[in-house]
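Chemist: Fold the following.
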Amino acid sequence: EEVPSQTFDNKDYFCGKETFPVYESIFTEEGETIRKIAIEIEKPPQIEIHVWTIRIGILRHFYVEKLSKREFEELPYFKLITRTTLSQWKIFSEGEAQISQMCESRVCRTELEDLVKVLYLEKSEKGHC
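Modeler: Numbers count the residues shown, from 1 in each chain. From the prediction side, this is the model:
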């Protein structure tokens with residue numbers, strides 16, 4: 001039986017597509033939550049970090065920053081949460097843009113949580129792609 005997750009040349013694959021590590025950091029202080037989702041991309045080698053500032057459930061500020069892998073490794077509090085494909089990351093980024101506009105004036109806790117779930121790759125029931 002086929003296995004959807006394979007490794008070639010130290011790279012991970014899911015259903016034949018290369019996957020990339022995704023990290024998360026959540027910091028809460030005085031009623032404000034700063035949530036960061038980061039993906040490690042090889043070409044060019046960099047880390048793309050999506051930063052959400054949430055106050056009382058409302059997305060107050062959202063921006064994207066890019067760092068070198070070395071700079072990223074010096075940052076505390078990031079943990080690996082999954083690996084994802086570039087196509088899933090694109091869906092995440094597009095959804096994030098929509099949510100950032102929609103959630104400027106209303107509470108969007110579930111929308112942000114659901115968006116992060118897009119990054120987790122689902123194995124089909126029988127393990128085939």
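Chemist: worst-scoring helix or strand of this structure, pLDDT-wise?
Modeler: Ranked by mean pLDDT, DSSP states H and E, the helix or strand of the chain with the weakest confidence is strand 5-8, at a mean of 44.
Chemist: so what's the residue positioned nearest the centre of the chain scoring on pLDDT?
Modeler: Geometric centre of the chain, nearest residue: Ile37, 4.4 Å, by Cα atoms, centre = their mean. Reported pLDDT at Ile37 in the predicted model: 96.
Chemist: Give the buried residues for stretch 100-110.
Modeler: 100, 103, 108 (16 or more other Cβ atoms under 10 Å). C-beta: built from backbone N, CA, C; applies to glycine.
Chemist: pretty sure the first one contacts Arg60?
Modeler: No. Proximity of Ser100 to Arg60 does not meet the contact threshold set by Cβ atoms under 8 Å, at 10.3 Å.
Chemist: Spatially nearest residue to the residue nearest to the centre of the chain (excluding sequence neighbours)?
Modeler: Distances taken as Cβ to Cβ, 6 or more residues apart in numbering place His50 nearest to Ile37, at 4.8 Å, with adjacent residues excluded.
Chemist: cool, Thr53 as well?
Modeler: That would be His61: by Cβ to Cβ, 6+ apart, it lies 3.9 Å from Thr53.
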